[in-house]
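Enquirer: let me see the structure of the following:
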Amino acid sequence: GCNVEVLPSSRRRQVHIRVATENAMAQEHPLPDDLGLLSVERPLPIGIHADRSPATVHLRYACGILVGQTDSGKSNTLNVITHQLVRCADTLVWAIDCSGNGRMPRPWIVAWYEGQAEAPAIDWAAVTPEEALLMAQAAINIINGRTAAYQRRMFEADEDKLPVGPDVPQIIIVVDEFADLPEDVKAALETVSNTGRGAGVRLVSSRLGEIGGSGCA
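Expert: Purely as a prediction, here's the structure:
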């Protein structure tokens, strides 16, 4: 059950073959207890590869999409990514889950809803198509507003993209089951994907089956 990986070499007649002696994917790996601060400026650890090397995602400038069959772990992976994003002092997390009636974002707001926390872990959760469209339109307005409002901030940082921080955080919209959204919501989110890179607004979404249609990759 272990992996064999063939890697290129600096010599044309030579390859390197990595043979794993243990299949980490066959074991359970609880989410680490570490709750220290992270930053979206750096890759975020979200798991391990079969050879136990860290699996990371870097969402500062890129969007992400998870594709898999039913019960393949897409929602669980979204929750792990959300866990890491809410640890980032320079990031706000928004969530859209219309197909599951808010199942994915619910654990991140329940403590606040029950009065056990001063604020929810995620900033905004949309569980209906109407609120999802409102969220996407708000993100577009923020992208347009930031582009004009923070020219001085970009100039002083000598950057053509908005430097994010606790005062002007990155916004990442986590979307469960993108394909089930109405077409107007998908179109608005595609606009966010296409225009939000320089303004610090990105998407992470899941999709059943193979990639197709609108969305980000």
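Enquirer: which regions of this protein lie under the pLDDT threshold?
Expert: The chain contains residues with pLDDT under 70 at 1, 209-217.
Enquirer: tell me where it has helices.
Expert: Per DSSP state H, the chain carries helices over the ranges 74-85, 110-113, 129-149, 151-156, 183-195.
Enquirer: Val15 is nearest to which of those helices?
Expert: helix 74-85 (31.2 Å; C-beta to C-beta). All C-beta spots, glycine's among them, are computed from the backbone N, C-alpha and C.
Enquirer: for that closest one, buried residues please.
Expert: Across helix 74-85, burial judged by 16 or more other C-beta atoms under 10 Å covers 74-75, 77-85.
Enquirer: what do you get for stretch 159-176?
Expert: Of the residues in stretch 159-176, 162, 164, 168-176 count as buried by neighbour count, 16+ other C-beta under 10 Å.
Enquirer: tell me where the chain has strands.
Expert: 4-8, 15-19, 44-48, 54-57, 64-68, 91-96, 124-126, 170-175, 201-208 (DSSP state E).
Enquirer: of all those strands, which lies closest to Glu156?
Expert: Closest approach to Glu156 among the strands of the chain (C-beta to C-beta): strand 170-175, 18.5 Å.
Enquirer: name every strand pairing with that closest one and say which way it goes.
Expert: Strand pairing for strand 170-175, using DSSP bridges, gives strand 91-96 (parallel), strand 201-208 (parallel).
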